[in-house]
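In: Below: sequence and its predicted model.
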Amino acid sequence: MPRLTLLLPATTRFAGVALPQALAAALGRADRAMHEAGEDAQLARHFRLLPNRWAHAALTRVVDGGQEDARLSGWLRADPAYIRPDINGARLLATGDGLGIDAADVEAVLPALRPLFGDVGFGLDAPHPGRWYLRLPKEAALPAFASPTQALGDDVFEHIPAAPEARRWRLLASEAQVVLHNHPRNATRAAAGKPPINALWFWGGGVLPDHVASASPTLYSDDPLLHGLAKLGTLDAMPLDAAKESEDDGLIDLRAVRDPRADVARWLSPAAQAASRGEVVFDFADGMVFTVAPGQRWRFWRKPAARIDA
């Protein structure tokens, strides 16, 4: 039986969104389950990694540098960041693509940072303007860094790892901040109305898994992490724009969609109608999962769902 899966943000993102009648009925009759919340837990429901380790930097490196290059080393993302001091500490306000970084920024800033990391044996490069990488020995011990998604808007001191191996990275982060604070490129960016690149955000460290499997034959997503997983798992991977509202089989990544009302109209409602041809799974980032199947139309005694975040 075909199986269409929609990867969705947390149900709270749909608070206050009215549900069309057919979608409300389908969700009311659907099987419901509550799973572990969080990005990695959500993706783990659809991608099986062997060994089971989520090394985001290595997986996106497959897209940015190729699979052979990604397998040669351990990797750590060292994404450009904007941290703003305030009365209570310092807040992470933007990283990577959120800073509007272009190739000229990379060419200006990277040479100033490379000696800092080269002196300790790590190579720094930026095959994509918003995704910067440190090449590490595969056996390098890394603390559990918070992802930008987890830390955005927070006081950065709340997300500093406390493990013994974190001390080296705290020192490197501080030295990088000094280099970036004094870099003339930030004056050019300020004149263009852009925030400064005044920090690096370390996260996603590790090595590639040996194998990736998924029950979905096709992926539609704009996330480089998922495209890296697809390349390792030999899935067909296409941009989100290539997906159709009525796809019968595949995994459609809607986690980054910003307009929940448009999301309901374009994706959720047509997907519920497609359940007459096969199973449809609505998987939300907070762990709520609705499974809609053809035989559920006989559950006529169940009330329509009032809203998604109920």
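Out: Everything's here; your move. Numbering: from 1, shown residues only.
In: How is Gly193 assigned, secondary-structure-wise?
Out: Assigned with DSSP: H, G, I helix; E, B strand; the rest coil, Gly193 falls in the coil class.
In: what's the spacing between it and Gly96?
Out: With distances taken as C-beta to C-beta, to the nearest Å, Gly193 is found 18 Å from Gly96. All C-beta atoms are positioned from the backbone trio N, CA, C, and that covers glycine.
In: So the two - more neighbours on which side?
Out: Neighbours per residue (other C-beta atoms under 10 Å) separate Gly193 from Gly96, with Gly96 holding more: 17 against 7.
In: distance of that one from Phe202?
Out: Using C-beta to C-beta, Gly96 is found at 13 Å from Phe202.
In: Can you name every helix or strand that the lowest-mean-pLDDT helix or strand in the chain contacts?
Out: Ranked by mean pLDDT, DSSP states H and E, the helix or strand of the chain with the weakest confidence is helix 269-274, at a mean of 89. Under the contact criterion of 3 or more C-beta pairs under 8 Å, 6 or more residues apart in numbering; DSSP states H and E, helix 269-274 touches strand 3-8, helix 21-29, strand 279-284.
In: rerun at 6 Å
Out: If you count contacts as 3 or more C-beta pairs under 6 Å, 6 or more residues apart in numbering; DSSP states H and E, helix 269-274 packs onto strand 3-8, helix 21-29.
In: Mind jotting down where the strands sit in the stretch 201-310 of the chain?
Out: Secondary structure of the stretch 201-310 of the chain (DSSP state E, counting those that start in this stretch): strands at 211-213, 218-220, 236-238, 250-253, 279-284, 288-292.
In: who wins for proximity to Leu7 among those strands?
Out: Nearest to Leu7, of all these, is strand 250-253, at 4.7 Å by C-beta to C-beta.
In: Adjacent strands (with direction) for the closest one?
Out: Here strand 250-253 has these sheet partners by DSSP bridges: strand 3-8 (parallel), strand 218-220 (parallel).
In: how about that strand as CSV, C-alpha atoms only?
Out: Provided in CSV are the C-alpha atoms of strand 250-253 (Å, rounded to 0.1, in the frame of the first residue of the first chain):
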residue,chain,number,x,y,z
GLY,A,250,7.1,9.5,-0.3
LEU,A,251,8.3,11.7,2.4
ILE,A,252,7.4,15.4,2.2
ASP,A,253,9.4,17.7,4.5
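In: Mind listing residues that contact it?
Out: Contacts of strand 250-253 with the rest of the structure, by C-beta atoms under 6 Å, 6 or more residues apart in numbering, involve 5-7, 46, 216, 218-221, 223, 226, 243.
In: switch the cut-off to 8 Å
Out: Contacts with strand 250-253, where a contact means C-beta atoms under 8 Å, 6 or more residues apart in numbering, come from 4-7, 46, 214, 216-223, 226, 240, 243, 267.
In: show me where pLDDT drops low in the protein?
Out: Scanning the chain for pLDDT under 70 picks out 1-2, 245-247, 310.
In: ranges for the helices of it?
Out: Here the chain has its helices, by DSSP state H, at 21-29, 39-44, 56-65, 67-71, 103-118, 148-151, 166-181, 185-191, 224-233, 260-263, 269-274.
In: Residues touching the third one, excluding its own?
Out: Read that as helix 56-65. Residues outside helix 56-65 that contact it (C-beta under 8 Å, 6+ apart) are 69-70, 74-77, 127-128, 131, 133, 147, 203-208, 224-225, 227-229, 231-232.
In: Need the buried ones from those residues selected in PyMOL.
Out: Selection command for PyMOL covering only the buried members of these, criterion 16 or more other C-beta atoms under 10 Å:
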select buried, resi 70+74+75+76+77+128+131+133+147+203+204+205+206+207+208+224+225+227+228+229+231+232
